[in-house]
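Asker: Sequence first, then the predicted structure, then my questions.
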Amino acid sequence: MIYRELKPGEYELLKYFTYEAIFIPEGVEPPEFSVIELPELSLYYDAFGSREDDYCMAAEDEGIVVGAAWTRVMDDYGHVDDRTPSLAISVLKEYRGKGIGTRLLQALLESLKRKGYERVSLAVQKENYAVRMYEHAGFRTISENEEEYIMVCDLNE
């Protein structure tokens, strides 16, 4: 497995990883792929690479990108302020449970810290098994609603 920056010619993959990042609780039917065209989801990938704060790490296995962790400053579910990038992460189903997401997250956090960011935020559904991964990576809950935690990781700690 190789962990590297996603190349500009690969940014189109973020559409698929955005879909894969949608948490589907056990027993719930997944939405149609077209759901990613909704404004609240397309902001994760639309014109990615055109903003100064767009940054993505990829996990590559034998030439295939199998996971991505990316950030951009945007008014999404995990938005906390206009200086803090929001994070999204996704690993293809057949590659989950192998530590790839954890390594991707670590690589992205280290890179953001080197780039001078002070913190990064995200929103995660309370039922999502990834909550534990975020907590182990240093994220802490700063607010919540019925369904989600809003979490922040201080990159200077």
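Answerer: That came through, no problem. Residues are numbered from 1 along each chain as shown.

Asker: report the longest helix in the chain, please.
Answerer: In the chain, with assignment by DSSP state H, the single longest helix is helix 100-114.

Asker: Which other helices and strands does it contact?
Answerer: strand 2-5, strand 55-61, strand 64-72, strand 86-91, helix 130-136 (3 or more CB pairs under 8 Å, 6 or more residues apart in numbering; DSSP states H and E). Placement of C-beta: from N, CA and C, glycine included.

Asker: can you put the ones you listed in CSV and add distance to Gly101?
Answerer: Below are the helices and strands packed on helix 100-114 laid out as CSV (distance: least, CB to CB, whole Å):
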stretch, distance to Gly101
strand 2-5, 11
strand 55-61, 8
strand 64-72, 6
strand 86-91, 5
helix 130-136, 6
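
Asker: So for Val28, which of these sits nearest?
Answerer: Closest to Val28 of the helices and strands packed on helix 100-114 is helix 130-136 (CB to CB; 16.5 Å).

Asker: If you rank every helix and strand of the protein by mean pLDDT, what lands last?
Answerer: Least confident helix or strand of the chain, by mean pLDDT, DSSP states H and E, is helix 39-42 with a mean of 91.

Asker: what about the residue lying closest to Pro85 once chain neighbours are set aside, how many residues close to it?
Answerer: Among residues not flanking Pro85 along the chain, Thr71 sits closest, at 3.7 Å (CB to CB, 6 or more residues apart in numbering). The local packing of Thr71 (other CB atoms under 10 Å) involves 26 other residues.

Asker: Is Thr71 bridged to anything, and to what?
Answerer: Per DSSP bridges, the residues bridged to Thr71 are Tyr55, Leu87.

Asker: Columns mean pLDDT and distance to Tyr11 on top of the helices and strands packed on helix 100-114, output as JSON lines?
Answerer: Shown next, in JSON lines, are these (pLDDT from 0 to 100; distance: least, CB to CB, whole Å):
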{"stretch": "strand 2-5", "mean pLDDT": "94", "distance to Tyr11": "11"}
{"stretch": "strand 55-61", "mean pLDDT": "96", "distance to Tyr11": "8"}
{"stretch": "strand 64-72", "mean pLDDT": "96", "distance to Tyr11": "9"}
{"stretch": "strand 86-91", "mean pLDDT": "94", "distance to Tyr11": "13"}
{"stretch": "helix 130-136", "mean pLDDT": "93", "distance to Tyr11": "23"}
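
Asker: Indicate which one of the ones you listed is closest to Ala21.
Answerer: Nearest of these (CB to CB): strand 86-91, 3.9 Å.
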